[in-house]
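Chemist: Attaching a predicted model along with its sequence, questions to come.
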Amino acid sequence: MLLPQPHTSSYYAASANQHSDHAPLKGDVRADVCVIGAGFTGISTALHLAERGFNVHVVEANKVGWGASGRNGGQMIGGISGDSKMASALGAEGERILWEMGWAGHEIIRERVATYGIECDLKSGYVDVAIKPRHIRDLEAYYRLLQKYDFPYDYQMLSKHETQDLIGTEAYIGALRNNGNGHVHPLNLCLGEAAAAVSLGAIIYEQSPALEIKRGKKAT
């Protein structure tokens, strides 16, 4: 018998919103799509599918948001690792696509928080700081990208004094403030998206690990 696993002790677990537990899977069920794992990826997938009318079931070995999805830093920072190298290989159109991909997740989060009234302490604003002159050059290059792609959120290069006034230290020689980035309570976001998926007909089973996957035209 699988013993229930509570969320690992953390600030996020201690400040999680009240939420419903989900009963374990018992017996056989049929679904259009079965999603394994109730972290960010699994729950987001389930919500996307439920919004489109699919009969979707989610199996989770522990609790919704139990793993890294519910206990990470909560930072919302745009971009894709290695995007500059990929852009140089893909050309101008590839650079544009990579740029849009790097910010698409932010818009999904903001849209869902607004649509479903998810209380997850979503805050906008982020500062990249510079210690050396070359850091300033990197930030200025990124600033030009924000201009190039008509970035819709407020952004600003900050001088040494403006940076000091903002964050209270003389350690940095400048910064780039970007209100497109931000912070979120990750566990409450995951729980809120799970509740939204359930409200649209998705079914979530906690304490229900996937033991085997049989591949074919119809997976079981």
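Modeler: Alright, I've got the coordinates.
Chemist: for the lowest-mean-pLDDT helix or strand in the chain, packing partners?
Modeler: Lowest by mean pLDDT, DSSP states H and E among the helices and strands of the chain is helix 83-116, with a mean of 87. Helix 83-116 sits against strand 75-76, strand 174-183, helix 186-199, with contacts defined as 3 or more Cβ pairs under 8 Å, 6 or more residues apart in numbering; DSSP states H and E. To be clear about C-beta, it is placed using only N, CA and C from the backbone, and glycine gets the same treatment.
Chemist: Mind giving me the packing neighbours of the shortest one?
Modeler: Translated: strand 75-76. Using 3+ Cβ pairs under 8 Å, 6+ apart: strand 75-76 touches helix 83-116, strand 174-183.
Chemist: So, low pLDDT: which residues of the protein?
Modeler: Within the chain, the stretches with pLDDT under 70 are 1-5, 82-84, 219-220.
Chemist: Where do the domain boundaries of it fall?
Modeler: As assigned by automatic domain parsing, the chain contains the domains 11-72+187-205, 75-184.
Chemist: picking up where we left off before, dump the helices and strands packed on helix 83-116 to a markdown table, plus mean neighbour count.
Modeler: Formatted as a markdown table, the helices and strands packed on helix 83-116 follow (neighbours: other Cβ atoms under 10 Å):
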| stretch | mean neighbour count |
| --- | --- |
| strand 75-76 | 16 |
| strand 174-183 | 20 |
| helix 186-199 | 24 |
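Chemist: who wins for proximity to Ile108 among these?
Modeler: When the helices and strands packed on helix 83-116 are compared by Cβ to Cβ, helix 186-199 sits nearest Ile108, at 9.9 Å.
Chemist: How is Ser124 classified with respect to secondary structure?
Modeler: strand (DSSP: H, G, I helix; E, B strand; the rest coil).
Chemist: For the spatially closest residue to it that is not a sequence neighbour, name its beta-bridge partners.
Modeler: Leaving out its chain neighbours, the residue that sits closest to Ser124 by Cβ to Cβ, 6 or more residues apart in numbering is Gly182, at 4.3 Å. Here Gly182 sits in beta bridges with Met76, Ser124, going by DSSP bridges.
Chemist: State the distance from Gly182 to His7.
Modeler: To His7, Gly182 is 23 Å away according to Cβ to Cβ, to the nearest Å.
Chemist: just Lys214 next, same as before
Modeler: From Lys214 across to His7, the span is 31 Å (Cβ to Cβ).
Chemist: These two: who's more crowded?
Modeler: Between Lys214 and His7, counting by other Cβ atoms under 10 Å, His7 is the more crowded of the two (18 against 7).
Chemist: didn't the more buried one look like it was pressed against Gly67?
Modeler: No: the criterion here is Cβ atoms under 8 Å, and His7 misses it with Gly67 at 9.7 Å.
Chemist: Of the helices and strands packed on strand 75-76, which stretch is the most buried?
Modeler: Stretch with highest mean neighbour count among the helices and strands packed on strand 75-76: strand 174-183 (a mean of 20; mean count of other Cβ atoms under 10 Å).
Chemist: to the chain's geometric centre, what's the distance from that one?
Modeler: 17 Å (Cα atoms, centre = their mean, to the nearest Å).
Chemist: For it, give me every contacting residue.
Modeler: Strand 174-183 is contacted by residues 74-78, 103, 106, 121-130, 135-136, 139, 142-143, 146, 151-160, 162-163, 166-167 when judged by Cβ atoms under 8 Å, 6 or more residues apart in numbering.
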